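Chemist: okay, predicted coordinates and the sequence, questions at the end:
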Amino acid sequence: MDIDVLGGLRVSENGVLVVAPTPAARHVLAVLAAHANQVVPVSVLADELAGRVPPEHARAVAHSAVRVLRDGLAAALNAGPRAVRTADGVLPSVPGGYLLDTGGGRCDLDEFERGAGAGYRAMARGDFETAVRRLRGALDLWTGPAFAGIEAGGWLGARIAALEESRLAVLGQWVEAGLALGRHRELHTELSALLARHSGREAPDEPYRAALRRSGRRVGSLRHLHSLAAALDSDHDRGPAAAVRALRRAVLMGPAGAQCA
């Protein structure tokens, strides 16, 4: 089984996409995918679904959603070229809840955590080339907000918030590694692009400020950031726009000897 959650939710079994045809089934699949290969208590699934259905019916809806998911798993298994598992084996009932068994397949969340860990270790030993490569590889796994399109409840919402914090931490370390290698100009371009894609939270301030101050492109930075802030404001995306304006102020306070673009 392959699982992608760092963007839209996508789960495939035996090379075939698993279809979750109802909002409740998709929501349950997202919660199970968030902790693949681990037991997810029924109480957690019920709490997540309580915003969709009356709380007294949430457990029944969770069990029904699992049955729907097993049907989708069975269809994917049957459509694949070499099914060696069953739907009940992929999504078994266990004491207290359910478990989504990947069977050793890939998960972008696991890949992100491995890449981030490798990048952090490289930073610790001063291997900035490896750090830049591994940290950027981890960042590139994100195609959008984690679990995009899922109306998360409290438990999944907390998981998404933690993932976003991890992403921003990796972003900050990637910036620091690039600065250590003297790649200020390259960082300026890439940071602007990353910030433009940012939604919902402000970027970590100091790495961005340092990169922009030290890139030596104050005038070009000001023009670009002014345009970017105006575009974000026009889209009513106030959080990122505020972050861009903060960066613009930081560029204005940059070193007097910086070269103009």
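Modeler: Alright, I've got the coordinates.
Chemist: CA only for contacts and neighbour counts going forward, please
Modeler: Fine.
Chemist: quick one, strands of the chain?
Modeler: 2-4, 10-13, 16-17, 39-41, 93-94, 97-99 (DSSP state E).
Chemist: for the last one, packing partners?
Modeler: Right, the one you point to is strand 97-99. When contacts are defined as 3 or more Cα pairs under 8 Å, 6 or more residues apart in numbering; DSSP states H and E, strand 97-99 sits against strand 39-41, helix 42-49.
Chemist: show me the one of those that comes nearest residue 148.
Modeler: Closest to residue 148 of the helices and strands packed on strand 97-99 is helix 42-49 (Cα to Cα; 15.8 Å).
Chemist: buried stuff in the closest one?
Modeler: Residues 42, 44, 45, 46, 47, 48, 49 are the ones in helix 42-49 that count as buried (16 or more other Cα atoms under 10 Å).
Chemist: so what's the fifth one up against?
Modeler: Taking Cα atoms under 8 Å, 6 or more residues apart in numbering as the criterion, residue 47 is in contact with 55, 58, 153, 154, 155.
Chemist: considering the residues you listed, which possesses the most neighbours?
Modeler: When neighbours are taken as other Cα atoms under 10 Å, the top entry among the contacts of residue 47 is residue 58 (22 neighbours).
Chemist: out of the buried residues of helix 42-49, the closest to residue 106 would be?
Modeler: residue 45 (23.4 Å).
Chemist: distance of that closest one relative to residue 152?
Modeler: Distance of residue 45 to residue 152, computed by Cα to Cα, to the nearest Å: 11 Å.
Chemist: tabulate the strands of the chain in TSV, adding columns for distance to residue 181.
Modeler: Shown next, in TSV, are those (distance: least, Cα to Cα, whole Å):
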stretch	distance to residue 181
strand 2-4	32
strand 10-13	36
strand 16-17	42
strand 39-41	43
strand 93-94	50
strand 97-99	44
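Chemist: which one of those strands lies nearest to residue 124?
Modeler: So among the strands of the chain, strand 2-4 is nearest, using Cα to Cα, at 29.0 Å.
Chemist: what's the spacing between the closest one and its chain's center?
Modeler: Its chain's average C-alpha position is 13 Å from that of strand 2-4, according to Cα atoms, centre = their mean, to the nearest Å.
Chemist: same question, stretch 60-75
Modeler: Relative to the centre of its chain, stretch 60-75 is centred 26 Å away, using Cα atoms, centre = their mean.
Chemist: ditto for stretch 121-139
Modeler: Using Cα atoms, centre = their mean, the offset of stretch 121-139 from its chain centre is 19 Å.
Chemist: same question for stretch 48-62.
Modeler: 26 Å.
Chemist: what residues sit buried inside it?
Modeler: Taking 16+ other Cα under 10 Å as the criterion, stretch 48-62 shows 48, 49, 50, 52, 58, 59, 61, 62 as buried.
Chemist: any chance you could map the helices in the stretch 101-250 of the chain?
Modeler: For the stretch 101-250 of the chain, the helices defined by DSSP state H, counting those that start in this stretch occupy 108-124, 128-139, 154-180, 184-197, 205-214, 218-234, 238-252.
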